[in-house]
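*Asks:* coords please:
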Amino acid sequence: MRARTKRLYAVGAAGILIVAAVALASMALRQHADLFYTPELLVERGMPEPGQRVRIGGFVALGSRTLGEGAEILFTIEDGSGETVRVSYTGLVPDLFREGEGVVATGRFDAGTDVFTAEEILAKHDENYQPRELEGLSRSDAAT
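*Replies:* Purely as a prediction, here's the structure:
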C-alpha cells in the first residue's frame, strides 16, 4: 500500500471519529441542557412545550408563599417586569429560600395549567449573586 493511500485511510478514520464524537456530545447535551426563562421571557417567547424540562428564575414575591397539602409549597416568582409565574414544589426547600430573595426552579409546565411544577429549587447563595438576565435589578424593584 502506498503512503498516499495510508494517509487517506487515516484522514477518513479521523473524520469518522470526529463526527461520532460530535454526535454523542450533542445527544448528551440535548438530554441534560435546561432552558432558562424569567417570567418576562415566558410572556415574550410563549410557554414551553408541556412536559419540557426548563428552569425559571427570579425573586420570590413578597407574601406569595403558602403551604399546600402535605409538603407542598406554593409561591410566585417575579422578575421586576410585572410578570409572574406561580410555582408548586413538594419537598424541603433550601435554608436560604425566603420571600424577596433570588430563586431558580427546575421543572415542567403541565398541559392545560399555568402552574409550574418544580422538581428542584435552588436558592440564592450569597448577597451578590444574580442571574445574567436579572442584572441591574434590585430586590426593591422586584417587590414593586
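
*Asks:* Let's verify residue 7: helix, strand, or coil?
*Replies:* Following DSSP: H, G, I helix; E, B strand; the rest coil, residue 7 is assigned to helix.

*Asks:* pLDDT score for it?
*Replies:* pLDDT for residue 7: 92.

*Asks:* do residue 141 as well
*Replies:* pLDDT, read off for residue 141, is 56.

*Asks:* Centre-most residue in this protein?
*Replies:* residue 55 (1.8 Å; CA atoms, centre = their mean).

*Asks:* May I have the secondary structure class of that residue?
*Replies:* strand.

*Asks:* is it fair to say residue 95 lies in a strand?
*Replies:* No: remark: residue 95 does not belong to a strand; assigned using three-state DSSP, it is coil.

*Asks:* count of residues packed around the nearest residue to it once chain neighbours are set aside?
*Replies:* Excluding the flanking residues, the one nearest residue 95 by CB to CB, 6 or more residues apart in numbering is residue 123, at 7.5 Å. In this view, the C-beta of every residue, glycine as well, is placed from N, C-alpha and C. Close neighbours of residue 123, defined as other CB atoms under 10 Å, add up to 16.

*Asks:* and if you look at residue 103?
*Replies:* Residue 103: 24 neighbours (other CB under 10 Å).

*Asks:* now swap in the one 3 residues further on and tell me
*Replies:* As a burial measure, the neighbour count of residue 106 was computed by other CB under 10 Å and equals 17.
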